[in-house]
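1. build me a model:
(one chain, ligands or ions: 1)
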Amino acid sequence: MAINFRLGTRGSPLALTQAAMVRDALCAAHGWAAETVALVVIRTTGDRVQDRPLAEIGGKALWTKELDRALLEEEIDAAVHSMKDVETIRPAAIRIAAMLPRADVRDRLIGADTVAALPAGAVVGTSSPRRRAQLLRLRPDLSVVTFRGNVDTRLAKLAAGEAQATLLAAAGLDRLGRDGVGRPIATDDMLPAPAQGAVGIEVRHADHRAALIVAAIDDPATSACVAAERALLAHLGADCHSPVAALAALSGAMLTLRAELIAEDGSAWVEGSGEGTDGALVAAELAADLLARAPAVVRQLFQP
Ligand SMILES: NCc1[nH]cc(CCC(=O)O)c1CC(=O)O
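-> Below is the predicted model of the structure:
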């Protein structure tokens with residue numbers, strides 16, 4: 001059967017599951033047979049190097065650089081991403097064209113019922129500067145150690161006793177069929193990463209056919225919220241390794257954006273919110289407000 005569309009994806013179990021969700025949505029929207037959408041697995045630097053903190057191996061673009069290349073060289077028609085891992089600033093020739101309906105945005109704690117219930121001095125594994133900062137803000141006595149690898153690797157490290165607890169996104173656990181694993185933390189207690197729980201699809205700017213094809217599966221509310229969260233990052237000069245949490249919600253035409261910036265040792269922070277009908281404006285104003293009120297140790301982490 002002829003191929004209608006080529007979807008590029010990373011090769012991790014979560015990435016493959018998300019790519020299959022996009023394939024299924026495209027097939028349902030266009031009446032295509034599943035075999036007419038090819039899943040093209042692209043290996044990324046971030047997948048190859050599992051043993052060092054991300055910041056050490058170059059930080060930015062680890063997950064998307066190879067997918068960007070494949071997209072720009074027309075090996076694929078679209079790339080599927082966890083929006084949380086997509087750099088704030090994208091190449092000019094690539095655009096985010098659609099997002100699937102957002103899943104559970106919360107983090108789940110695995111290894112204890114609540115952060116407060118962790119024993120004094122407990123070791124918690126995470127490689128996310130945001131989670132590290134939020135944990136230490138709540139519990140300065142905790143010892144946070146680097147925990148990398150895909151979801152299964154992290155759960156295996158936990159089972160092997162490398163840490164007493166870890167935090168993972170509910171969305172990833174649920175998509176991997178691990179819906180019973182861990183306890184969700186309310187967003188009031190731990191605000192998630194910008195774009196957490198959202199799967200996005202990118203196409204080449206010039207490829208109008210691909211843009212039309214994927215527009216059919218866009219969830220506009222998810223796209224509006226994630227765009228506002230990403231605009232906040234852009235105004236802060238932040239990326240997915242910055243200790244920033246942000247979450248937008250839509251009520252009718254009104255968008256509410258909440259955010260916090262935290263020093264990585266959890267000792268200082270600033271939080272705030274804004275609302276309006278223009279998400280880009282809400283994000284710009286909230287970023288300026290947060291930077292103006294941020295303690296110096298927090299402000300210096302950002303280069304707007
Ligand atoms: N940085 C890794 C990553 N990127 C997206 C998800 C989960 C899925 C999502 O947030 O949509 C995860 C794993 C995690 O944070 O637990």
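
2. what does this structure put close to the ligand?
-> 82, 84, 85, 151, 168, 169, 171, 172, 196, 197, 198 (CB under 6 Å from any ligand atom). C-beta coordinates here come from the backbone N, C-alpha and C atoms, glycine included.

3. hang on, residue 270 in a helix?
-> No: if the criterion is DSSP: H, G, I helix; E, B strand; the rest coil, then residue 270 is strand and not within a helix.

4. tell me how many other residues surround it.
-> 18 (other CB atoms under 10 Å).

5. ok, now how distant is the nearest residue to it once chain neighbours are set aside from residue 217?
-> Nearest residue to residue 270 in three dimensions, chain neighbours excluded: residue 294, at 4.3 Å (CB to CB, 6 or more residues apart in numbering). Distance of residue 294 to residue 217, computed by CB to CB, to the nearest Å: 38 Å.

6. for whichever strand or helix holds residue 228, packing partners?
-> Taking DSSP states H and E as the criterion, residue 228 maps to helix 220-236. On a contact count with 3 or more CB pairs under 8 Å, 6 or more residues apart in numbering; DSSP states H and E, helix 220-236 meets strand 94-99, strand 244-251, strand 254-262, helix 279-293.

7. okay, these in TSV with distance to residue 211 and mean neighbour count next?
-> Below are these laid out as TSV (distance: least, CB to CB, whole Å; neighbours: other CB atoms under 10 Å):
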stretch	distance to residue 211	mean neighbour count
strand 94-99	5	21
strand 244-251	23	22
strand 254-262	24	22
helix 279-293	20	19
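
8. so the residue nearest to residue 270 touches residue 261, yeah?
-> Yes: the criterion here is CB atoms under 8 Å, and residue 294 meets it with residue 261 at 5.9 Å.

9. ok so, going back, mind putting the helices and strands packed on helix 220-236 in a markdown table, mean pLDDT included?
-> Output for the helices and strands packed on helix 220-236, formatted as a markdown table (pLDDT from 0 to 100):
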| stretch | mean pLDDT |
| --- | --- |
| strand 94-99 | 98 |
| strand 244-251 | 98 |
| strand 254-262 | 98 |
| helix 279-293 | 98 |
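
10. could you export the ones you listed as TSV, including distance to residue 72?
-> Shown next, in TSV, are these (distance: least, CB to CB, whole Å):
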stretch	distance to residue 72
strand 94-99	7
strand 244-251	28
strand 254-262	31
helix 279-293	26
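
11. residue 177 belongs to a helix?
-> No: read with three-state DSSP, residue 177 is coil and lies in no helix.

12. so how many other residues sit close to it?
-> Using other CB under 10 Å, residue 177 has 10 neighbouring residues.

13. where does it land on pLDDT?
-> For residue 177, the pLDDT comes out at 96.

14. residue 85 too?
-> 92.

15. can you read off the backbone torsions of it?
-> Residue 85 adopts backbone torsions of phi -100, psi 0, taken as degrees, to the nearest 10.

16. nearest to the ligand: which residue in the stretch 201-304 of the chain?
-> Closest residue of the stretch 201-304 of the chain to the ligand, CB to the nearest ligand atom: residue 240 (7.2 Å).

17. number of nearby residues for the residue nearest to that residue when sequence neighbours are not counted?
-> In this structure, residue 240 finds its nearest non-sequential neighbour in residue 85, 5.9 Å apart by CB to CB, 6+ apart. Using other CB under 10 Å, residue 85 has 18 other residues around it.

18. so who does residue 85 touch?
-> Going by CB atoms under 8 Å, 6 or more residues apart in numbering, residue 85 touches 63, 64, 240.
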